[in-house]
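K.L.:
Dropping a prediction and its sequence here:
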Amino acid sequence: MCWCNGVTVGRIEESAACGNTTVEGVGRDTRAGTGCGGCKGRIADVLTGAAAADGTPSLTA
Ligand code: FES
């Protein structure tokens, strides 16, 4: 999912489950999105999916 830092979708979901519900929060936790930034859209998609699965309000950012 994040090629620059070798972060997997599973890692993003895990971070989201730990309360990192923004692209920035996930980036601080996993470093995903802190390289070229090209994966930020994909991170947002994963967060939207995780939030929907969780019943927590979905994010548009
Ligand atoms: S692919 Fe994630 S920062 Fe470059």
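P.N.:
Nice, I can see it. Numbering: from 1, shown residues only.

K.L.:
from here on, contacts and neighbour counts on C-alpha atoms
P.N.:
OK.

K.L.:
can you point me to the longest helix in the chain?
P.N.:
When the chain is scanned for its longest helix (criterion: DSSP state H), the result is helix 40-54.

K.L.:
Quick check, central residue of this structure?
P.N.:
Note on the chain: the residue nearest the mean C-alpha position is I43, at 3.8 Å, using C-alpha atoms, centre = their mean.

K.L.:
which ones are touching that one?
P.N.:
Each residue near I43 by C-alpha atoms under 8 Å, 6 or more residues apart in numbering is listed here: 1, 12, 23, 32-33.

K.L.:
now do 10 Å
P.N.:
Contacts for I43 were tallied using C-alpha atoms under 10 Å, 6 or more residues apart in numbering; they are 1-2, 8-9, 12-13, 22-24, 26-27, 32-33, 49.

K.L.:
could you check the distance from it over to the ligand?
P.N.:
In this structure, I43 and the ligand are separated by 9 Å, where distance is defined by C-alpha to the nearest ligand atom, to the nearest Å.

K.L.:
circling back: for the ligand, tell me which of the contacts of I43 show up nearby.
P.N.:
Applying C-alpha under 6 Å from any ligand atom to the contacts of I43, one finds that 2, 32-33 fall near the ligand.

K.L.:
What residues of the longest helix of the chain count as buried?
P.N.:
The neighbour-count check on helix 40-54 (16 or more other C-alpha atoms under 10 Å) flags 40, 43-48, 50-51 as buried.

K.L.:
cool, and stretch 4-13?
P.N.:
For stretch 4-13, the neighbour count (16+ other C-alpha under 10 Å) marks 7, 9, 11-13 as buried.

K.L.:
Turn those residues into JSON lines, columns for secondary structure and pLDDT.
P.N.:
Compiled in JSON lines, the buried residues of stretch 4-13 are given as follows (DSSP: H, G, I helix; E, B strand; the rest coil; pLDDT from 0 to 100):
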{"residue": "V7", "secondary structure": "strand", "pLDDT": "98"}
{"residue": "V9", "secondary structure": "helix", "pLDDT": "97"}
{"residue": "R11", "secondary structure": "helix", "pLDDT": "97"}
{"residue": "I12", "secondary structure": "helix", "pLDDT": "97"}
{"residue": "E13", "secondary structure": "helix", "pLDDT": "95"}
